[in-house]
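Participant: What shape does this take:
(one chain, ligands or ions: 2)
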Amino acid sequence: MTRRFSHLIAGLAAASGLAALAPAAPLSAADAPAAGGPTSADLLKDADTPGDVLSYGLGPWQQRFSPLDQINATNVAKMVPAFASSLGGEKQRGQEAQPLVYDGVIYVTGSYSRLFAFDARTGEKKWQYDARLPDGIMPCCDVVNRGAAIHGDKVIFATLDAHLVALNRKTGKVIWNKKTADYQAGYSATAAPLIVGDKVITGNSGGEFGIVGAVQARNVDTGELIWERPVIEGHMGTLNGQPNGMTGKRGASWQGDLWKTGGGATWLGGTYDPGTNLVYFGTGNPSPWNSHLRPGDNLYTSSTLAIDADTGVIRWHYQTTPHDGWDFDGVNEFIPFDATIKGKAMKLGAKADRNGYFYVLDRGTGKFVSASRFVMQTTWADGINAKTGRPNYIEAGRPGAPEGAGKGKPVFSSPSFLGGKNWMPMAYSKDTELFYVPSNDWGMDIWNEPIAYKKGAAYLGAGFTIKPIAEDHIGALRAMDPKTGKIVWEYKNPAPLWGGVLTTHGNLVFTGTPEGYLKAFDAKTGQELWKFQTGSGVVGSPVTWEQDGEQYVAVMSGWGGAVPLWGGEVAKTFKEISQGGMLWVFKLPK
Ligand SMILES: [Ca+2]
Ligand SMILES: [Ca+2]
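Facilitator: Residues are numbered from 1 along each chain as shown. Ligands and ions are numbered 1, 2, ... in the order given. Alright, predicted model coming up:
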């Protein structure tokens, strides 16, 4: 373990102790179960119902496109705050959540596994739930949460101690609370749950601790496990408590017992395509980072998996970085879209991978369609082979094997392990037919070290220092044409971009910056049209909805996430950014 990493874990463990001081407040409101609420059918239609935001990504495809156009490229310059609501608390850190909006209430998660309900007209707090986190939690990359799911009378979210918690959405009282994994072995959870039919489907975090990535589907009413699919070759899946087939073939792409601690955390959650009934989950880095310790492709790490939503069986896989040696987690969202390419109507999906390539695949079969570089530089590969779908590796770009007890030969690598794109979700406009990708141009010095697995300890076998590679920017919001792989426009930002993107029928693209701005751009040209200083870095995902005849835009403000913890020289440059924890809501003046 590197010294930097052990320091980080100790710091976060100490910080997490705070949560124990903030138990859930007693509530005087009626605790009767709410009748009605959004159904699974409502969730499937979410993208087409602008009066609410019922799901992470605005619909099962998670295109983050809204049909609203009251706020548009001609008037967005006039947009003003409607209200702001503080999350409060002594500790703040990263606010990476996307709000949900239903029936006059905004539901949003906060750092330290908190969930808030605010009045969507006034911003007044209706209730707050604070998970009682144990002292020993081990989140790798800040105490963030990315959002909740809503269904019927429940609002559901994952907590840093690897639990899934369903609350009564009117009162904030716990309906069920299920342990999904063992936090003492390094598991945690930060993703927004995905609801499909009667199931709530989630992944896990912990790829820096030698955990085994898995996808779980639970009964949305009771929290009971329906199926589980471990994503590392050799592990058994389950369905209704019975064995349901091995993942891959044991020993086919792993040597010895390494598959038992193989990583592949499914930490960013998944998307869903009703047409194929597939859920798409990305998988993280193989463990340990030191690739010389685990010869082979290490399936199914650094991959996209298409999983049957009813049974948890893997229908196809596509590995973006076989035998990863750079922490190129393949977790990025796989976004279904339809397009006509060379006269042929195609059902596709796209993913902007941490490794710096933008992939388009057939979403029914996983068949490779195209891959194009979306960052300035890739030192580890020179393109993707269109026949095999595999990267053309540059062998000199792989950090060397440790010699005895010492460090291996360091290499300079770009992207850095924080990725050409990290967790922050892209958006797809049905109008412009472009993807808007929040990306970063940076590199790292990386070297390998000896390491052995120990339960609950960091399992990297590598050290690193992140560095900028451009004079004028790290962050770049890029409009990608998925039919050509070309970048149509880009907006460069000094600090690394770390927030999600929203696009609308008003010809707008919204995203936030660590410098504290929520910004709006012309979706066709990339021209910056509006910005607002929120007082802290914006690393959350914006949403929009219509209420009482007016269009609203909301985003969380609160600087944090992986960059300040892991960013080396880059983090030092942006250490003056203030922390925060505020929900901002905007609209046009009357
Ligand atoms: Ca909706
Ligand atoms: Ca990782």
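
Participant: In contact with the residue of the stretch 101-250 of the chain found nearest ligand 1, which residues are there?
Facilitator: Nearest to ligand 1 in the stretch 101-250 of the chain, going by Cβ to the ion, is Val101, at a distance of 8.2 Å. Any C-beta I mention is one placed from the backbone N, CA and C, and that applies to glycine too. Applying Cβ atoms under 8 Å, 6 or more residues apart in numbering, we find Val101 in contact with 52-53, 107, 120, 543, 545, 547, 552, 554.

Participant: which of those residues has the most neighbours?
Facilitator: The residue in the contacts of Val101 with the most neighbours, by other Cβ atoms under 10 Å, is Ala554 (30 neighbours).

Participant: Can you name the element that comes right after the helix or strand harbouring that residue?
Facilitator: With the criterion set as DSSP states H and E, the secondary-structure element containing Ala554 is strand 550-557. Beyond strand 550-557 in the direction of the C-terminus, DSSP H and E gives the next helix or strand as helix 562-566.

Participant: touching ligand 2 at all, that following helix?
Facilitator: No. Judged by Cβ under 5 Å from the ion, helix 562-566 makes no contact with ligand 2; its nearest approach is 9.5 Å.

Participant: Which other helices and strands does the helix or strand following that helix contact?
Facilitator: Scanning forward in sequence from helix 562-566 by DSSP H and E, the next helix or strand is helix 568-573. If contacts are counted by 3 or more Cβ pairs under 8 Å, 6 or more residues apart in numbering; DSSP states H and E, helix 568-573 sits against strand 462-468, helix 562-566.

Participant: ok, back up a step: the residue of the stretch 101-250 of the chain closest to ligand 1 - that's part of a strand, no?
Facilitator: Yes. For Val101, which was evaluated using DSSP: H, G, I helix; E, B strand; the rest coil, the result is membership in a strand.

Participant: Excluding chain neighbours, what is closest to it?
Facilitator: Take Val101 and drop its neighbours on the chain: the residue closest to it by Cβ to Cβ, 6 or more residues apart in numbering is Val53, 4.4 Å away.

Participant: how close does the one you found sit to ligand 1?
Facilitator: Look at Val53 and ligand 1: by Cβ to the ion, to the nearest Å, they are 6 Å apart.

Participant: Kindly report the same for Phe521.
Facilitator: From Phe521 over to ligand 1 the distance is 23 Å, taken as Cβ to the ion.

Participant: And Leu43, by the same measure?
Facilitator: With distances defined as Cβ to the ion, the gap from Leu43 to ligand 1 amounts to 9 Å.

Participant: element containing that residue, please.
Facilitator: Once you assign secondary structure using DSSP H and E, Leu43 falls within helix 40-44.

Participant: which is the next helix or strand following that helix?
Facilitator: Reading on from helix 40-44 to the C-terminus, the next helix or strand found by DSSP H and E is strand 65-66.

Participant: That following strand pairs with which strands?
Facilitator: strand 501-504 (parallel) (DSSP bridges).

Participant: Show me what whichever helix or strand comes after the strand it pairs with is packed against.
Facilitator: Moving toward the C-terminus from strand 501-504, the next helix or strand (DSSP H and E) is strand 508-512. With contacts taken as 3+ Cβ pairs under 8 Å, 6+ apart, strand 508-512 sits against strand 435-440, strand 475-480, strand 501-504, strand 517-522, strand 550-557.

Participant: can you list those in TSV and add mean pLDDT?
Facilitator: As requested, the helices and strands packed on strand 508-512 are arranged in TSV below (pLDDT from 0 to 100):
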stretch	mean pLDDT
strand 435-440	98
strand 475-480	98
strand 501-504	99
strand 517-522	99
strand 550-557	98
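
Participant: hmm, the strand holding Ala554 touching ligand 1?
Facilitator: No. Using Cβ under 5 Å from the ion as the criterion, no contacts between strand 550-557 and ligand 1 are found, and the smallest distance is 12.8 Å.

Participant: Sheet-wise, list the partners of that strand with their directions.
Facilitator: Taking DSSP bridges as the criterion, strand 550-557 forms sheet pairs with strand 543-547 (antiparallel), strand 582-587 (antiparallel).

Participant: Just want the angle from the last one to strand 508-512.
Facilitator: Using axes from the mean of the first three to the mean of the last three Cα atoms, to 10 degrees, one finds that strand 582-587 and strand 508-512 are set 160 degrees apart in direction.

Participant: so Val570 sits right up against Pro468, yeah?
Facilitator: Yes. Counting by Cβ atoms under 8 Å, Val570 sits close enough to Pro468 to count as a contact (6.1 Å).

Participant: Need the residues touching each of those two.
Facilitator: For the pair Val570 and Pro468, residues contacting each of them under the criterion Cβ under 8 Å, 6+ apart are 442, 474.

Participant: Look at those two and report which has more neighbours.
Facilitator: Val570 (22 against 19).

Participant: Run a quick neighbour tally on the closest residue to the more buried one other than its chain neighbours.
Facilitator: Distances taken as Cβ to Cβ, 6+ apart put Ile466 closest to Val570, at 5.1 Å, once the chain neighbours are dropped. Counted with other Cβ under 10 Å, the burial measure for Ile466 works out to 22 neighbours.

Participant: partner residues bridging Ile466?
Facilitator: Ile466 forms beta bridges with Met444, as assigned by DSSP bridges.
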